[in-house]
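S.K.: 3D model of this:
(one chain, ligands or ions: 1)
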Amino acid sequence: MRKPYLVIAAGGTGGHMFPAQALAEVMLRRGWRVKLSTDARGARYTGGFPHSTEIEQVASATFARGGIVAKALVPLRVLGGVLSMSWRMLRDRPDVVVGFGGYPSIPALGAAWVLRRPRMIHEQNGVLGRVNALFAKRVDRVACGTWPTTLPEGVEGVHVGNPVRLAVKDRAGAAYITPGDYPMSILVIGGSQGARILSDVVPPAIASLPLETLQHLRVSHQARDEDGERVASYYAEQGVNADVQSFFADVPKRMTEAQLVISRSGASSVADISVIGRPSILVPYAAATGDHQSANARGLVEAGAAIRIPESKLNVDSLAEQIVAVLQNPQAALHMSQAALSQAKPDAAQDLAALVEMLAGQTPQTPEGQTE
Ligand SMILES: CC(=O)N[C@H]1[C@@H](OP(=O)(O)OP(=O)(O)OC[C@H]2O[C@@H](n3ccc(=O)[nH]c3=O)[C@H](O)[C@@H]2O)O[C@H](CO)[C@@H](O)[C@@H]1O
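M.R.: Predicted coordinates:
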């Protein structure tokens, strides 16, 4: 019997790919055939996708890069991508197409629009990205990871949350050990790529903490490759017990063990912090499109789960003061961890999968199982 067939279109950064992976995991388990349509950049993040995911690389074109000639050719490349994808979809018709944002999602979403296939976008951030903004009025559903999300007039969003990895979901609401006179840890992460500003400011802020706190502290610090050595030697010189890596493969475990998370407010980082339920200090990436990282942080901040420090106010003193405020107030820290849980959507992947199946239901199936 023909399996229902889902095309997931995503690319660019890990931020688009991780939620796409979570949906692929659920749909494959539900007996669907899943194809990921991505570009070379997105393909770097496909290692975690289940092996049965079909992966198709499409040529991508971004408006932001390249010289004048390259930019002038972008509309042609996009049109070519949509046409060739339409041709492929005519021969192998998807039941549903879901776009997660990024330029590589244009060919599949564009083709689904041309062919009138059921289609949906998922926006991770509190502000629509460029490609999702282009399709918001041309899809059957707009699923939102962050709430509220600013949407174009006339478009209604469905709040499903940002799907988290299984390793995160497994630790949903894991018991929180409040800060005290025993080993404590701080996790410092800057999105999938690491953030230089956190490598500049966090180490001296931690080194300046009162000795009674510092002596119990372990730090896990994600630093970009080029910053790793200086960050590690600084911590070592200051006698701080720190593990510095360019990417922690076991963030869910480290986050569970942490009394405090210091992080950027990328959509998946915020989702992980909410689902596991940890106090956080968030430093939104100021250059993010439409300041979407501030929008992402809003839910946790308004719930009393996170302290937001804008980049312009981030310095050694302001950060140290907030770290002390969390680590020296166990009750406040416990309250923050519980408030984080109040913002969590641990079943986002399942809710998104339910929307996909609902959209597929709009397509009548013939007794042979072929779509009409
Ligand atoms: C710089 C930038 O433009 N970032 C954008 C990018 O996020 P970007 O990919 O940087 O970050 P996200 O916060 O969305 O995701 C990072 C994920 O990586 C995990 N992690 C992080 C560090 C580590 O060492 N190990 C690890 O596993 C985090 O727990 C999280 O699950 O796409 C997101 C979704 O569109 C946006 O919200 C972000 O604004």
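S.K.: Need the nearest residue in space to whichever residue of the stretch 1-150 of the chain sits closest to the ligand, chain neighbours excluded.
M.R.: When distances are taken as Cβ to the nearest ligand atom, the stretch 1-150 of the chain reaches nearest to the ligand at Gly15, 1.8 Å away. C-betas here are computed from N, CA, C, even on glycine. Spatially, and ignoring its direct neighbours in sequence, Gly15 is nearest to Gly266 (5.5 Å; Cβ to Cβ, 6 or more residues apart in numbering).
S.K.: so that neighbour sits right up against Ser192, yeah?
M.R.: Yes: assessed by Cβ atoms under 8 Å, Gly266 is found in contact with Ser192 at 7.5 Å.
S.K.: Give me the common contacts of those two.
M.R.: Listed as contacting both Gly266 and Ser192 by Cβ atoms under 8 Å, 6 or more residues apart in numbering are Gly15.
S.K.: Those two: which has the busier surroundings?
M.R.: Between Gly266 and Ser192, Gly266 has the larger neighbour count (other Cβ atoms under 10 Å), namely 30 against 17.
S.K.: give me every residue that touches the more buried one.
M.R.: Listed by Cβ under 8 Å, 6+ apart, the contact set of Gly266 reads 15, 191-192, 285, 293, 296.
S.K.: Could you pull up phi and psi at the residue nearest to Gly15?
M.R.: Torsion angles at Gly266 (phi, psi; degrees, to the nearest 10) stand at phi -60, psi 150.
S.K.: which helices and strands does the helix or strand of the chain with the lowest mean pLDDT pack with?
M.R.: In the chain, the helix or strand scored least confidently by mean pLDDT, DSSP states H and E is helix 40-43, which has a mean of 82. Contacts defined by 3 or more Cβ pairs under 8 Å, 6 or more residues apart in numbering; DSSP states H and E place helix 40-43 against strand 54-57.
S.K.: tell me which strands and helices the helix or strand that the strand it packs on is followed by is in contact with?
M.R.: Proceeding N to C from strand 54-57, the next assigned helix or strand is helix 68-91, under DSSP states H and E. Where contact means 3+ Cβ pairs under 8 Å, 6+ apart, helix 68-91 is packed against helix 106-114.
S.K.: Who are the packing partners of the helix it packs on?
M.R.: Using 3+ Cβ pairs under 8 Å, 6+ apart, the elements in contact with helix 106-114 are strand 5-9, helix 68-91, strand 96-99, strand 119-123, helix 130-135.
S.K.: Figure out which of the ones you listed is closest to Ile206.
M.R.: Checking these against Ile206 by Cβ to Cβ gives strand 119-123 as the closest, at 34.6 Å.
S.K.: same for the closest one, what does it pack against?
M.R.: Judged by 3+ Cβ pairs under 8 Å, 6+ apart, the packing partners of strand 119-123 are strand 96-99, helix 106-114, helix 130-135, strand 141-144, helix 348-361.
S.K.: from these, which stretch is densest packed?
M.R.: Across the helices and strands packed on strand 119-123, the average number of neighbours (mean count of other Cβ atoms under 10 Å) peaks for strand 96-99, which reaches a mean of 30.
S.K.: And the next helix or strand past the helix or strand hosting Gln21?
M.R.: Using DSSP H and E, Gln21 falls within helix 14-29. Using DSSP H and E, the helix or strand that follows helix 14-29 towards the C-terminus is strand 33-38.
S.K.: State the mean pLDDT of that next one.
M.R.: Averaging pLDDT along strand 33-38 yields 96.
S.K.: Could you do stretch 227-241 as well?
M.R.: Average pLDDT, stretch 227-241: 98.
S.K.: Contacts (any at all) between the ligand and that stretch?
M.R.: No: using Cβ under 6 Å from any ligand atom, stretch 227-241 stays clear of the ligand, coming no nearer than 11.7 Å.
S.K.: What parts of the stretch 101-250 of the chain come near the ligand?
M.R.: 124-125, 189, 191-193, 222, 247-248.
S.K.: Of those residues, just the buried ones, PyMOL syntax please.
M.R.: The following PyMOL line selects those of those that are buried, judged by 16 or more other Cβ atoms under 10 Å:
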select buried, resi 124+125+189+191+192+193+222+248
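S.K.: Report pLDDT for Gln193.
M.R.: For Gln193, pLDDT reads 90.
S.K.: any idea how far Ser86 is from it?
M.R.: 34 Å (Cβ to Cβ, to the nearest Å).
S.K.: and what of Leu359?
M.R.: Applying Cβ to Cβ to Leu359 and Ser86 gives a distance of 19 Å.
S.K.: Report pLDDT for the residue of the stretch 201-350 of the chain found nearest the ligand.
M.R.: Residue nearest to the ligand within the stretch 201-350 of the chain: Gly266 (2.2 Å; Cβ to the nearest ligand atom). Per-residue pLDDT puts Gly266 at 97.
S.K.: Kindly list the main-chain dihedrals of the closest residue to Pro346 other than its chain neighbours?
M.R.: Using Cβ to Cβ, 6+ apart and skipping residues adjacent in sequence, the residue nearest Pro346 is Ala172, 4.4 Å away. Phi and psi for Ala172, reported as degrees, to the nearest 10, are phi -60, psi 130.
S.K.: now do the one 3 residues further on
M.R.: In this entry, Ala175 is assigned phi and psi values of phi -50, psi 140 (degrees, to the nearest 10).
S.K.: One more: His159?
M.R.: Torsion angles, degrees, to the nearest 10, at His159: phi -80, psi 100.
S.K.: what's the burial count for the residue nearest to it when sequence neighbours are not counted?
M.R.: Setting aside the residues directly before and after it, His159 is nearest to Trp147 in space (Cβ to Cβ, 6+ apart), at 4.4 Å. Using other Cβ under 10 Å, Trp147 has 16 neighbouring residues.
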